[in-house]
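A.B. asks: Below are the sequence and a predicted model; questions follow.
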Amino acid sequence: MPTILITGANRGIGLELARQYAKADWRVIATARAVAPATELASVAQQHSNLSIDPLDVTDNDAIAALSKKHREPLDVLLNNAGWLGDPRKQGLGELDAKVFETVMRTNAYAPLAMARAFLPQIEASAQKNIVVLTSGLSSLANTRNFGNLYFYRMSKAAANMAMRALQADLRAKGIEVGILAPGIVDTRLLRQSGWTGEALDPETSAAGVIRNIARLKGQDPQIHLYSGDAVPW
């Protein structure tokens, strides 16, 4: 039974990824910053004994180290899904709140690297050897649909993309594959907080596409791929 660790699995895309991997008979380690309110995730765990739930604040290095110490088994996929949009009102030109900037950057850009470092022995020991980060199309400099505002969120996702490129260069000799996947515009709480009012995918469709892309990561430098498999210009 292959094993996956999914951060931020309490709602949205993370919850659906945990559900679909559990249904596919993977061993799923699902994390959430606050376990008690994660009632939907708890319901999935009740239906699937192969899914366990652990508390994890990805901005807390001590918590990451403790989780790595607890789960020493081989880890086929580390899926960095946890992310934070931040208050859109505090990352526009009118305010640019420095504390919000620091939290968004630490959550979205630093945490995936910290997770990769902490779980590297478990990833090396696995058969699949995958590290994946979920990014956003808003991180692409070439994206013609870009618009103003959300400076911190967009900067953090662009930084995460670059971190994954550098990480692949460091880990290629170990046979580890690093992926950068964009789930698309998905109907989640984060999307609604961003102010988006257009059409959106359902989490089930997006998660299924992400899973397909993870399964075919092999021998390529990381570039942004949509849930559909299409490449997104940097």
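C.D. replies: Structure's in. What do you need?
A.B. asks: Please, where are all the strands along the protein?
C.D. replies: 3-6, 27-32, 51-55, 77-80, 130-134, 177-182, 224-226 (DSSP state E).
A.B. asks: The ones you listed into JSON lines, with extra columns for mean neighbour count?
C.D. replies: Yep, even glycine has a C-beta here, placed from its N, CA and C like the rest. Conversion of those to JSON lines gives the following (neighbours: other Cβ atoms under 10 Å):
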{"stretch": "strand 3-6", "mean neighbour count": "26"}
{"stretch": "strand 27-32", "mean neighbour count": "26"}
{"stretch": "strand 51-55", "mean neighbour count": "17"}
{"stretch": "strand 77-80", "mean neighbour count": "26"}
{"stretch": "strand 130-134", "mean neighbour count": "25"}
{"stretch": "strand 177-182", "mean neighbour count": "26"}
{"stretch": "strand 224-226", "mean neighbour count": "21"}
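A.B. asks: I'd like to know which of those is closest to residue 140.
C.D. replies: strand 224-226 (6.4 Å; Cβ to Cβ).
A.B. asks: residues in contact with the most centrally placed residue in the chain?
C.D. replies: Against the mean C-alpha coordinate of the chain, by Cα atoms, centre = their mean, the closest residue is residue 81 at 1.9 Å. Applying Cβ atoms under 8 Å, 6 or more residues apart in numbering, one finds that residue 81 lies in contact with 6, 7, 8, 9, 13, 14, 17, 134.
A.B. asks: Against residue 206, how distant is the fifth one?
C.D. replies: Using Cβ to Cβ, to the nearest Å, one gets 6 Å for the distance from residue 13 to residue 206.
A.B. asks: Same question for the second one.
C.D. replies: Here residue 7 is placed at a distance of 17 Å from residue 206 (Cβ to Cβ).
A.B. asks: and residue 117, how many neighbours?
C.D. replies: 13 (other Cβ atoms under 10 Å).
A.B. asks: Numbering from 5 from now on, please.
C.D. replies: In the new numbering, first residue 5, that becomes residue 121.
A.B. asks: As a check, name the ranges of all helices in this structure.
C.D. replies: For the chain, the helices defined by DSSP state H cover 16-27, 43-51, 65-74, 102-109, 115-122, 124-128, 155-175, 193-198, 207-219.
A.B. asks: mean pLDDT lowest for which of those helices?
C.D. replies: Least confident of the helices of the chain, judged by mean pLDDT, is helix 193-198 with a mean of 63.
A.B. asks: Tell me who's in contact with the nearest residue to residue 95 once chain neighbours are set aside.
C.D. replies: Once flanking residues are discounted, residue 95 sits nearest to residue 156: 4.1 Å by Cβ to Cβ, 6 or more residues apart in numbering. Contacts of residue 156 were listed using Cβ under 8 Å, 6+ apart, and they are 90, 95, 104, 105, 108, 109.
A.B. asks: Equivalent analysis for residue 18, please.
C.D. replies: 10, 11, 12, 34, 85, 86.
A.B. asks: Residue 41 - how many residues pack around it?
C.D. replies: For residue 41, using other Cβ under 10 Å, the count is 12.
A.B. asks: likewise residue 54?
C.D. replies: By other Cβ under 10 Å, 15 other residues sit near residue 54.
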